[in-house]
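**Student:** Starting from these lines, generate the structure:
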Amino acid sequence: MEDKILEVRHLTTEFKTGKNTAVTAVSDVSFDLARGEILGLVGESGCGKSVTSLSIMGLFEDTAGRVAEGEILFDGMDLTKLSRKQLRTIRGKRISMIFQNPMSSLNSCMRVDAQLIEAIRLHNDLSHGEARKRAFDMLEAVGIPDPEQTLRSYPHQLSGGMSQRVMIAMALCCEPEMMIADEPTTALDVTIQAQILELMKKIRDKNNTSILFITHDLGVVAEMCTRALVMYAGRIVEEASVLDLFANPIHPYTKGLLASMPRLGADILDLTSIPGSVPDLSAMPQGCKFAPRCPYATARCRESEPELLPVPGAAGRRCRCFLYGADAEKEAKA
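**Tutor:** Just a heads-up that it's a prediction; the model follows:
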């Protein structure tokens, strides 16, 4: 892979549920993000996508969550080993995040200008006037037609699309090297969604910003990303280029996700669904976590969990399934 800005190695994140008990929300997750790349992280609600992003950002302070194992290497630095003070110098400055609900992420009691100026001055040695000028320029850069009026507004006076643009401007105001976008187009209408996606691609092209794009929408992954990670029950079950993923999905879960997508011209009655639901974190099934919903599951799947292994003959592709990977190739030769 090209120059890597982020390397996640065997990340495991837990949430404490009692004095001596905890549930694992993310288990043994490993992936890389290259400079200037848009990497998709996709899966159903509850699969661990957002927890992965919060783990990277170190946003479990004073909560029940914690990174139990693994490394998160950002430009060679292990973020899990940094102090709170050290993390705060990186968050917002070198790594920023766009949250999925801008109306709850912005402070409803503060005007937009106060929030942007605070974020800018926290990481830059600028006067109030200089910071306000940068805030104006950033709102203009993200396509807001009247930046001055928006700066004087409170969040509740803005539409969903405008609020999301303000969030993007806030994420970009310190020119970060990497951005995490957690469902940035959820609850936006199709037209505004297309504008936001186009804006993010322009940001990547202009600044060579790396983007970890989290979504449950495979159509957005096809539009935005070059590579994709499919996540299920806190585990990555498949990794592939977007072209390979859509042309030839391998993992049964990925096949189910793609089969459930509506297509132009198709009869609505032809839509399929994946039976069952994502397992409860406190009552994970034995063996492969997808086995209770998988049409190809065998006794082996229900007894032991497969590893995430390279797919023979497919460069850069990994799959967590006994039907594929090194184990399957050995069995085929036996």
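**Student:** Flag the shaky bits of this structure, pLDDT-wise.
**Tutor:** 1-2, 187, 264-270, 325-334 (pLDDT under 70).
**Student:** Where do the strands of it begin and end?
**Tutor:** For the chain, the strands defined by DSSP state E cover 4-16, 22-34, 38-42, 65-74, 77-78, 95-98, 178-182, 210-215, 227-232, 235-241, 309-310, 318-319.
**Student:** can I get the CA coordinates of the third one in CSV?
**Tutor:** Just to be clear, that refers to strand 38-42. C-alpha atoms of strand 38-42 as CSV (Å, rounded to 0.1, in the frame of the first residue of the first chain):
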residue,chain,number,x,y,z
ILE,A,38,-11.2,7.4,1.1
LEU,A,39,-11.8,4.1,2.9
GLY,A,40,-15.3,2.8,3.5
LEU,A,41,-16.4,1.1,6.7
VAL,A,42,-19.8,-0.5,6.1
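**Student:** Nearest residue to Met97 in space, please, no chain neighbours.
**Tutor:** In space, and not counting its chain neighbours, Met97 is closest to Ile180: 4.5 Å by CB to CB, 6 or more residues apart in numbering. C-beta: built from backbone N, CA, C; applies to glycine.
**Student:** Tell me which of the strands of the chain sits nearest to Arg165.
**Tutor:** strand 95-98 (10.3 Å; CB to CB).
**Student:** what does the closest one contact?
**Tutor:** 53, 56-57, 74, 91, 164, 167-168, 170-172, 174, 176-182, 184 (CB atoms under 8 Å, 6 or more residues apart in numbering).
**Student:** Show me the domain layout of this structure.
**Tutor:** Domain assignment for the chain, taken from automatic domain parsing, gives 4-94+176-262+271-333, 103-175.
**Student:** Reformat those as CSV; add mean neighbour count.
**Tutor:** Below are the domains of the chain laid out as CSV (neighbours: other CB atoms under 10 Å):
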stretch, mean neighbour count
domain 4-94+176-262+271-333, 18
domain 103-175, 18
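**Student:** quick one: Arg204 and Gly36 touch, right?
**Tutor:** Yes: at 6.5 Å, Arg204 counts as touching Gly36 under the criterion of CB atoms under 8 Å.
**Student:** so what's in contact with these two at the same time?
**Tutor:** Ser210.
**Student:** Which other helices and strands does the helix ranked longest in the chain contact?
**Tutor:** If you go by DSSP state H, the chain has its longest helix at helix 190-207. Under the contact criterion of 3 or more CB pairs under 8 Å, 6 or more residues apart in numbering; DSSP states H and E, helix 190-207 touches strand 38-42, helix 160-172, strand 210-215, helix 218-224.
**Student:** angle of that helix against helix 160-172?
**Tutor:** Put simply, helix 190-207 runs at 20 degrees to helix 160-172, going by axes from the mean of the first three to the mean of the last three CA atoms, to 10 degrees.
**Student:** quick one: helix 190-207 to chain centroid distance?
**Tutor:** Centre-to-centre, helix 190-207 and its host chain are 16 Å apart (CA atoms, centre = their mean, to the nearest Å).
**Student:** tilt between that helix and strand 178-182?
**Tutor:** 170 degrees.
**Student:** center of this protein, which residue is that?
**Tutor:** Ile214 (2.9 Å; CA atoms, centre = their mean).
**Student:** Hmm, that one is touching Gly43, no?
**Tutor:** No: at 9.0 Å, Ile214 does not count as touching Gly43 under the criterion of CB under 8 Å.
**Student:** Common neighbours of those two, please.
**Tutor:** Both Ile214 and Gly43 are contacted by Lys49, under the criterion CB under 8 Å, 6+ apart.
**Student:** Hmm, Met138 and Lys172 touching each other?
**Tutor:** You called it Lys, but residue 172 is Leu. Yes: counting by CB under 8 Å, Leu172 touches Met138, with 6.0 Å between them.
**Student:** Find residues that contact each of the two.
**Tutor:** Joint contacts of Leu172 and Met138 (CB under 8 Å, 6+ apart) do not exist.
**Student:** can you pull the contacts of the closest residue to Thr89 other than its chain neighbours?
**Tutor:** Of all residues not flanking Thr89 in the chain, His123 sits nearest, at 7.6 Å (CB to CB, 6+ apart). By CB under 8 Å, 6+ apart, the contact set of His123 is 89, 92-93, 174.
**Student:** got it, and Asp32?
**Tutor:** Per CB under 8 Å, 6+ apart, neighbours of Asp32: 1, 4, 6-8.
**Student:** Quick check: it vs Ile38, distance?
**Tutor:** From Asp32 over to Ile38 the distance is 13 Å, taken as CB to CB, to the nearest Å.
**Student:** beta partners for the residue lying closest to Glu7 once chain neighbours are set aside?
**Tutor:** Nearest non-adjacent residue to Glu7, counting by CB to CB, 6+ apart: Leu73, 4.1 Å away. Beta-bridge partners for Leu73, by DSSP bridges, are Glu7, Asp78.
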